[in-house]
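Undergrad: Just a sequence and a predicted model for now, questions to come.
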Amino acid sequence: MDDLELPEKSPDRTQTENNQRIKEVLGENRQAFEMLIEKSHRDGNVQATADIRALRNRIVDLLKRIDGKTTAFSGKTASSLDEFYDAEQQLIAKSDSFSEMISQMLDGEMNIEAFKLTMSLESIERAIKARIPVDPVLMGKYSANRQRIAAEKAASSEPEVIEESLAIKDEPEQPEEYSVQQPVRETVEEKLDTETLSVLYNYLNILERKYGDFVPEVSPSGDYLSSPKWKYSTDQRSAHAELKGGIFGSLLVLDARWNPETDLRKLVEKVQGIARAAGNNEYRGICFIANSWDDDISEWAESYTHPRLSLFLYSLGSDGVIYNSENTYSRYLQFWYSPLASGKVRLKDLVLDLLQERVNIDASDLASETGLNKKGAQKLLDKLEKKEMLVDIGFGSSKYALSNTFKDN
């Protein structure tokens, strides 16, 4: 893969979209097989008809295995991003070839041969089994390459005059009229004017109220946090919140700080340093605050991925935060950096809303709506049942409905 190029779509998005595409293609081919069976039957080819029926059943089985959640069927680890994307491309190519063969048989351009269909379908099955799982290691490779490319591009576009100004530091002081011509880069330590300070303080006050009113209920791994130990603080230019994971460390650390860095390379290095500082069982969120952000920095933040860090950018003149919306946990953490004073829905309230739309829910339903894993969703449902908010109506299948005696105080 070219050092300065990467596919537009990240590995997780690529595989999710390919899963959906394969499901749609196999679903269409399943219907096409019905027409092949009918055509073969009319032609009096009894053996081919039986074989094609058996292939149709294999397609049904394959569709069950590709449920949109299982992204791969092997435990293989990618040695490179090229290997991952090549495997995905081969799967799509084999799927397209299978569809083309079926189309030609239906149109009479090719004789109906169960053997050819079997070989083509088996090649798809092998390609599926050879797929590479999207794991933190693979996403780390992608993120590291994106960051390296961004840094290299930033370095290649660095104005030459900056180098001149750096060289001047080692030379005798120049006359005043010469030195004022040098470019001045905004620094993190700059003095803020009254208007900027006012908007910054307002934003930090909103964060402080959020940290006081709301506590994270979903852990980075999707567990339900029933009684988290939560503490927070703010000062003139930053806010900090921490979710303790036990006596030995933190489960989640959230920071927001004034940091109007305009050099993408320096920002990349700073973010990587924060990511490296995260403990093995710790997840971090960092939001850098500035008056505004350059397009290249914004684009980089929107694609940033790391297994233990979510990156956010907030500009004082905007109404929202910039982040990678493809990251599930980043979407969850976005509330704690949003400038909107409200909008957070507690999990209990979300359960109530769901039961206004449905007769009942189970752990799988709740997990798909909240970001909880199935175990965490079941833990929440059990807690709400003990509080007599819900009643188990599943007779062993753990389906829950709103209790007739529940009153929302």
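TA: Received it, and whenever you're ready, just let me know what you need.
Undergrad: Off-centre distance for stretch 371-388?
TA: Offset of stretch 371-388 from its chain centre (CA atoms, centre = their mean, to the nearest Å): 24 Å.
Undergrad: Name the residues of that stretch that are buried.
TA: For stretch 371-388, burial by neighbour count (16 or more other CB atoms under 10 Å) applies to 371-373, 376-382, 384. Heads up, the C-betas are built off the backbone N, CA and C, glycines and all.
Undergrad: Out of those, flag the one nearest to L207.
TA: Among the buried residues of stretch 371-388, G371 lies closest to L207 (CB to CB), at 21.0 Å.
Undergrad: and the closest one, what pLDDT?
TA: pLDDT for G371: 77.
Undergrad: Verify the contact between it and D223 for me.
TA: No. At 10.6 Å, G371 does not count as touching D223 under the criterion of CB atoms under 8 Å.
Undergrad: Which strands or helices does the host helix or strand of F84 pack on?
TA: Using DSSP states H and E, F84 sits in helix 81-107. If contacts are counted by 3 or more CB pairs under 8 Å, 6 or more residues apart in numbering; DSSP states H and E, helix 81-107 sits against helix 11-42, helix 114-129, helix 136-156.
Undergrad: Lowest average confidence across the ones you listed, which one?
TA: Across the helices and strands packed on helix 81-107, helix 136-156 gives the lowest mean pLDDT, at a mean of 71.
Undergrad: Now do it and helix 81-107, the angle between them.
TA: Relative orientation of helix 136-156 versus helix 81-107 (axes from the mean of the first three to the mean of the last three CA atoms, to 10 degrees): 110 degrees.
Undergrad: For helix 136-156, buried residues please.
TA: 138-139, 141-143, 145-147, 149-151, 154.
Undergrad: And for stretch 85-99?
TA: For stretch 85-99, by 16+ other CB under 10 Å, it's 85, 87-88, 90-91, 94-95, 98-99.
Undergrad: before we move on, what about stretch 347-356?
TA: For stretch 347-356, by 16+ other CB under 10 Å, it's 347, 351-352, 354-355.
Undergrad: about what we covered before: and the buried residues of stretch 371-388, which two are the farthest apart?
TA: Going by CB to CB, the pair spanning the buried residues of stretch 371-388 furthest: G371 and D382, at 18.3 Å.
Undergrad: could you dump the helices and strands packed on helix 81-107 to CSV with distance to G317?
TA: CSV is the format used below for the helices and strands packed on helix 81-107 (distance: least, CB to CB, whole Å):
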stretch, distance to G317
helix 11-42, 30
helix 114-129, 48
helix 136-156, 23
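Undergrad: of all those helices, which lies closest to L207?
TA: helix 136-156 (26.1 Å).
Undergrad: Sketch out the low-pLDDT regions of the chain for me.
TA: 1-8, 67-79, 136, 151, 153-190, 246-248, 341-345, 395-397, 406-409 (pLDDT under 70).
Undergrad: so who does G376 touch?
TA: Listed by CB atoms under 8 Å, 6 or more residues apart in numbering, the contact set of G376 reads 218-219, 222-224, 367.
Undergrad: meant to ask about E83
TA: Here E83 is in contact with I132 (criterion: CB under 8 Å, 6+ apart).
Undergrad: any idea how far it lies from A130?
TA: Applying CB to CB, to the nearest Å, the value for E83 to A130 is 10 Å.
Undergrad: before we move on, what about Q47?
TA: Distance from Q47 to A130, by CB to CB: 31 Å.
Undergrad: Between these two, which has more neighbouring residues?
TA: Counted by other CB atoms under 10 Å, Q47 and A130 do not tie: A130 has more neighbours, with 14 against 9.
Undergrad: Give me the distance between the more buried one and D12.
TA: Taken as CB to CB, the span from A130 to D12 is 18 Å.
Undergrad: if we can go back for a sec, which among the buried residues of helix 136-156 gets closest to S303?
TA: For those, the nearest to S303 is R146 (5.6 Å; CB to CB).
Undergrad: For the closest residue to the closest one other than its chain neighbours, give me its contacts.
TA: Closest residue to R146 apart from its sequence neighbours, by CB to CB, 6 or more residues apart in numbering: S303 at 5.6 Å. With contacts defined as CB under 8 Å, 6+ apart, the neighbours of S303 are 10, 146, 324.
Undergrad: do the same with E385
TA: 391-392, 400.
Undergrad: re earlier: can you lay out the contacts of S303 as JSON lines showing distance to E24?
TA: Formatted as JSON lines, the contacts of S303 follow (distance: CB to CB, whole Å):
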{"residue": "S10", "distance to E24": "21"}
{"residue": "R146", "distance to E24": "29"}
{"residue": "N324", "distance to E24": "26"}
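Undergrad: On the three-state scheme, M110 is what?
TA: In three-state terms, and counting by DSSP: H, G, I helix; E, B strand; the rest coil, M110 is coil.
Undergrad: That one contacts Q104, doesn't it?
TA: Yes. Contact criterion CB under 8 Å: M110 and Q104 qualify, at 4.1 Å.
Undergrad: mind exporting stretch 200-207 as PDB, just the C-alpha atoms?
TA: C-alpha atoms of stretch 200-207 as PDB (Å, rounded to 0.1, in the frame of the first residue of the first chain):
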ATOM      1  CA  LEU A 200     -14.400  29.200  27.600                       C
ATOM      2  CA  TYR A 201     -15.600  29.600  31.200                       C
ATOM      3  CA  ASN A 202     -19.200  29.100  30.100                       C
ATOM      4  CA  TYR A 203     -18.300  25.800  28.300                       C
ATOM      5  CA  LEU A 204     -16.300  24.500  31.200                       C
ATOM      6  CA  ASN A 205     -19.200  25.400  33.500                       C
ATOM      7  CA  ILE A 206     -21.500  23.300  31.300                       C
ATOM      8  CA  LEU A 207     -19.200  20.400  31.600                       C
END
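Undergrad: What segments of the protein are strands?
TA: 229-234, 238-246, 249-258, 283-290, 309-315, 321-323, 390-392, 400-402 (DSSP state E).
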